[in-house]
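Chemist: sequence and predicted model, in that order:
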Amino acid sequence: MLADAVIRRSVGDDAWRRGAAYAREGRVSELSYVRSTGELGAVVVGSRRRIYRTVAVYDRPAARWWGECSCPVGEDCKHAAAVLVAARQDLLATPAAPRAPDWESALADLVEPPSSGSGLTPVGLQFDVEQPGGRAPSEGSVRLRPVVPGARGRWVRTGVSWRNLELDWSGMRDPAHVAALVALQQAHLAAGEGTGSYYRSAEVPVRLEEFGPALWPALRQAADDGVPLLTTRGAPVRVADRPGALTVDVRGDGGTGAGPEAGLRVQPVLELADGARVPVGSVRLLGSPPHGAALASTADGLPAGAVPEGGLLLLPLQRIPRSVERFVTGGPVHVPPADRDRFLTVFYPALHRALPVRSSDGSVELPEVLPPQLCVHLEHSAGHRVRLTWSVRYRAGESVRQVPLGTPGGAADAVRDLAAEEQVLRGLPAPPARLLRMWRVAPKAGPMPVAELAGLDAAVLVTDFLPRLADAGVLVEMTGEPPEFRRTDAVPVVEVSATDGGDADWFDLGVTVSVDGEDIPFAPLFAALAAGEEHLLLPSGTWFDVRRPEFDRLRKLIEEARALQDADRPGLRISRYQAGLWDELVELGVVAEQSARWSSDVRALLDVDDTAPPTAPAGLAAQLRPYQLQGYQWLSVLWDAGLGGVLADDMGLGKTLQALALVCRAKAAGELTAPVLVVAPTSVVSNWAREAERFAPGLAVATIEATGRKRGTTLAEAVDGADLVVTSYTLLRLGEEDYRALPWSGLVLDEAQFVKNHQAKTYAAARRLPARFKLAITGTPVENNLMDLWAMLSIVAPGLFPSPQRFTEHYRTPIEKAGDPEVLAALRRRIRPLMRRRTKEQVAAELPPKQEQVLEVVLNPKHRKIYDTHLQQERRKVLGLVDDLQQHRFTIFRSLTLLRQLALDASLVDDEYADVRSSKVDAFLEHLQEVVAEGHRALVFSSFTGFLGTVRARLDAAGLPYAYLDGSTRDRQQTIEEFRDGRAPVFLISLKAGGFGLNLTEADYVYVLDPWWNPAAEAQAVDRAHRIGQDKTVMVYRLVAADTIEQKVVALQARKRDLFARVLDDEAGALSGALTAEDIRGLFD
């Protein structure tokens, strides 16, 4: 493949001729061959004596060479031809062994002895010890050369060198040996001693001391691969299997007879794995810092036969710190007697940390060197205060040195071991969370050098953290008088008391807590609880964990008690209406003191459900159901205690009857020193009179249906001799002074949602009316927001909740805005003793089911076009005003009302739309006619009397008889009787006029023609039919115009219904308050 024809084919005739001339002129040098890549490389001197690097690679399939060169031509040039011709000449100059015949080669293994090996030429490694005359054995160097067997059986360097190690034209060199020496060569390069290439005309010396630690695996591999290792005299070189160690021998200067006052001789010693000890002065150390050693057979201290005569022992060394490099590579150190103590106390500890130190002849007693120890000094002072000072202690024999923690380490500070100090700090336990401020996080973790702690921090340190530090090996020292800190896990004892405070409705509330027999001042305990502290320290030094459920519950109850009393009231007080709060306080501990008045007023109320229900009172002409008996019993307890309450049973469960039973009881007991005043909506006043006549015929009832001017009598004259007086909210408001001037045994507010506005005159009149007992009756105590509930309870239980502002801050905002479940639960607990609510599902299982369905009505095209046109106009108007809701409330609601009317009947807005048929009326009549034809009777509710007028006209046209009731109806009772006796199968009712106070169980169908903002108002209307006495399934249909504001109103109802359920029932759901700006925006989405 180096024939002229191949070279000419590769580079061309011209380049071949000129390249051959360059080769003859000797311009090719540093010729090399890399077998692994098949590359021929060389340096070629070109014209004008320019030097070019050239590489050629043989392409066997193409039977040609590819050349690359640093000359301007770049490839297949004359320089490449010169390299190929020179390589051929070099190959011809090496005499080839005579080739045996083919048949002899095939049978050679049969006649050659097994010991003859593979026939490959070994490559050895020769160690040439260069030692100038007069130098110590530790000086000089060891040169490494590759060698091969010569013709006379001796190892020679001819034909092999580091630069042409892989240039083997004969192919007979042992490839394992070559690979091992190439690896050794690479280790030399990796140590940074080579200059990049071994392929030069001049041989590069490879010296043993120039290698790094990578020498040892490469040398060990060469020995394992059978590479002969020998000296220039042919003596074997042995590589130790195990590393040696550098140690230090300290002897008295003068030998074993030297006394403690003598000087010292400190000598580095090489200790072999078999225990032999060789002074470093007779050892060649390799590397800086030393990683190995070379020992001649003449080294001092070697046992006989350890190294063959004239040979070498090579061994790796365990790593040593650079701080002792100069010491171990020099000779022995002589310490004068005067400096002996300084060496032993300052230098010896540092030397001991770096290397093993011994006194081989026992002439010197070496002090014990202990690892550094962390110390903390505590200085106690009055007031539970402690100052901490941290340091590191070093001990060598009797010598002790204390270094303040955090002191920077200097190069001259031989005593300190900074790495060991860091390790000690890393091994410290983590401090408790409250002590983290005395701890450093970065750059190095550990305690602050100096810290001052007081109070609970000091207690946690002394009782909790110091024992853990001592267990971790920290030396703890103290000065001053340490306080007797004591941690206790005893269960706390809570005592509550309610004592007379000089106010008929308020008692002084006392709360004391003790732990392990020691009283806890409440102020610091409450402060610790409010601040979220984990522990509390008492003046005695006792401390304890306040993260206990009873403490947390106590904190919340005290906070609530403070929130429930007005800010200007001093001390901690509890109202007699706050029975639920007292009960929860008692659950946390024991009652230390309880006023007899408190016990009589409140205890019976708390225990009412645990006592057997009474029999119906004398004078009541009705059979009370079990749940009505329980309600009557609860009302009786309230009456006896002079406490008010809210009877909030579901609509249709007989709330009026339960109230009448209470009045009958009071009369039978002779307790009606004055009449009971019942205030109800105007439309319900007559119903109360009829119910009283029916169920309590023994009661003298006076009905006030007109002002004094119209009656022509005074109020006192009108109610004279009466047991029960029934009037309306309007008349109470108008004649407030007259009503306040008379004594009343009790006040009953029926449909009490009429006083939900605490800023209205009707509310003020009811609240100011003097009566020992006040009762609110309503099926919907929460219609819009929680202020509805506050208003009712502030009348019947004026001490239960604080002012509207504080109620809003403590209850309403957290519940309605944030949905806080804990505050909601607290509110439910507070109102539970003073509010009784049962639903139909709970207590009236015999009541037939109520089935509700929404009927979506699609507007006809004309109706839809009119609605959409107005929708766009009103949307722009409302969305531009809604950000200032209070200022523009009237305008906004006028727009909303307009859209609601348009969804019903366009003619309600403008007479010009009289010819546009109402889609909802069409759908309603179609449904109603079928219901009436089947013999059913229906109640029909609407918020708009104008729309009821449209329905009336269509019913007249269809020939369907009906009864009609709105606020203007004069003979209300006659109208009701028309429906009840069957003359009119359909009853059209205005939602406001007839949504409450009526008992119309004759109906089994209910139609709600338009959704109202308030779902409670709709529910009341439906319950005119679905109530006690109903024996048929009630079908409820809500007609909703599709894709109109009515659908948005239905969604808003759902949110308000959830508020009611969350506060009064045991259901979950989202919260919502009154109609907000966001609600209004949602109506236009």
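Modeler: Now that the structure is in, tell me what you want to look at.
Chemist: what ranges in the stretch 801-950 of the chain fall below the confidence cut-off?
Modeler: Where the stretch 801-950 of the chain drops to pLDDT under 70, the residues are 844-846, 882-883, 885-886.
Chemist: which stretches of it form helices?
Modeler: 804-807, 821-831, 840-843, 861-881, 889-904, 919-933, 945-958 (DSSP state H, counting those that start in this stretch).
Chemist: quick one: which of those is nearest residue 782?
Modeler: Evaluated with CB to CB, the helices of the stretch 801-950 of the chain place helix 821-831 nearest to residue 782, the distance being 10.6 Å. Any C-beta I mention is one placed from the backbone N, CA and C, and that applies to glycine too.
Chemist: which strands and helices sit next to that closest one?
Modeler: helix 549-564, helix 579-588, helix 786-796, helix 1045-1064 (3 or more CB pairs under 8 Å, 6 or more residues apart in numbering; DSSP states H and E).
Chemist: look up how far residue 71 lies from residue 24.
Modeler: According to CB to CB, to the nearest Å, residue 24 stands 19 Å off from residue 71.
Chemist: looking at those two, which is more packed in?
Modeler: A count of neighbours by other CB atoms under 10 Å puts residue 71 above the other of residue 24 and residue 71, at 19 against 13.
Chemist: how about the helices in the stretch 351-500 of the chain?
Modeler: Per DSSP H, counting those that start in this stretch, the stretch 351-500 of the chain carries helices over the ranges 418-426, 456-460, 466-471.
Chemist: where does the closest residue to residue 488 other than its chain neighbours land on pLDDT?
Modeler: Spatial nearest neighbour of residue 488, excluding adjacent residues (CB to CB, 6 or more residues apart in numbering): residue 516 at 4.6 Å. Looking at residue 516, its pLDDT is 83.
Chemist: residue 516 reaches residue 493, doesn't it?
Modeler: No: Residue 516 lies out of contact with residue 493 (CB atoms under 8 Å); the separation is 9.3 Å.
Chemist: the two: who's more crowded?
Modeler: residue 493 (17 against 14).
Chemist: how much space is there between the residue nearest the centre of the chain and residue 464?
Modeler: Among the residues of the chain, the one closest to the centroid is residue 433, at 18.3 Å (CA atoms, centre = their mean). Counting by CB to CB, the gap from residue 433 to residue 464 is 11 Å.
Chemist: ranking the helices and strands packed on helix 821-831 by mean pLDDT, which is last?
Modeler: Mean pLDDT is lowest for helix 579-588 among the helices and strands packed on helix 821-831, at a mean of 64.
Chemist: what sits up against stretch 610-624?
Modeler: Among residues not part of stretch 610-624, those counted as contacts by CB atoms under 8 Å, 6 or more residues apart in numbering are 626, 629-630, 632-633, 636, 657-658, 660-662, 664-665, 667-668, 694-699.
Chemist: recalculate using a threshold of 6 Å.
Modeler: Residues outside stretch 610-624 that contact it (CB atoms under 6 Å, 6 or more residues apart in numbering) are 629, 630, 633, 657, 661, 664, 665, 668, 695, 697, 698.
Chemist: how about those in a markdown table, adding secondary structure, pLDDT and neighbour count?
Modeler: Listed next are the contacts of stretch 610-624 as a markdown table, based on DSSP: H, G, I helix; E, B strand; the rest coil; pLDDT from 0 to 100; neighbours: other CB atoms under 10 Å:
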| residue | secondary structure | pLDDT | neighbour count |
| --- | --- | --- | --- |
| 629 | helix | 93 | 18 |
| 630 | helix | 91 | 19 |
| 633 | helix | 93 | 20 |
| 657 | helix | 95 | 20 |
| 661 | helix | 96 | 27 |
| 664 | helix | 97 | 26 |
| 665 | helix | 96 | 22 |
| 668 | helix | 94 | 14 |
| 695 | helix | 95 | 19 |
| 697 | coil | 95 | 11 |
| 698 | coil | 94 | 13 |
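Chemist: of all those, which comes closest to residue 931?
Modeler: Nearest to residue 931 among the contacts of stretch 610-624 is residue 657, at 31.2 Å by CB to CB.
Chemist: correct me, but residue 656 touches residue 691?
Modeler: Yes: counting by CB atoms under 6 Å, residue 656 does reach residue 691; the two are 5.2 Å apart.
Chemist: before we move on, the earlier item: pull the number of nearby residues for the residue lying closest to the residue nearest to the centre of the chain once chain neighbours are set aside.
Modeler: Nearest residue to residue 433, sequence neighbours excluded (CB to CB, 6+ apart): residue 534, at 7.7 Å. Neighbourhood size, residue 534 [other CB under 10 Å]: 13.
Chemist: can you read off the backbone torsions of residue 534?
Modeler: phi -90, psi -30 (degrees, to the nearest 10).
Chemist: any idea how far it is from residue 459?
Modeler: Distance from residue 534 to residue 459, counting by CB to CB: 12 Å.
Chemist: do the same with residue 991
Modeler: Using CB to CB, residue 991 is found at 68 Å from residue 459.
Chemist: now residue 970: how far from residue 683?
Modeler: Using CB to CB, residue 970 is found at 12 Å from residue 683.
Chemist: hang on, I meant residue 296
Modeler: 127 Å.
Chemist: next: residue 58.
Modeler: Separation of residue 58 from residue 683 (CB to CB): 117 Å.
Chemist: between the two, which is the more surrounded one?
Modeler: Remark: of residue 58 and residue 683, residue 683 carries more neighbours, 20 against 17, as counted by other CB under 10 Å.
Chemist: and that one, what element?
Modeler: Using DSSP states H and E, the element containing residue 683 is helix 682-695.
Chemist: buried residues in that helix, which are they?
Modeler: 682, 683, 684, 685, 686, 687, 688, 689, 691, 692, 695 (16 or more other CB atoms under 10 Å).
Chemist: where's the dip in pLDDT among those residues?
Modeler: Out of the buried residues of helix 682-695, that is residue 683, at 79.
Chemist: from residue 904, how far out is residue 1044?
Modeler: Here the criterion is CB to CB. By it, residue 1044 lies 9 Å from residue 904.
Chemist: who's more crowded, those two?
Modeler: Comparing residue 1044 with residue 904 by neighbour count (other CB under 10 Å), the higher total belongs to residue 904, at 28 against 22.
Chemist: quick one: the residue nearest to residue 824 when sequence neighbours are not counted from residue 472, how far?
Modeler: Nearest residue to residue 824, sequence neighbours excluded (CB to CB, 6+ apart): residue 815, at 5.0 Å. Going from residue 815 to residue 472 by CB to CB gives 51 Å.
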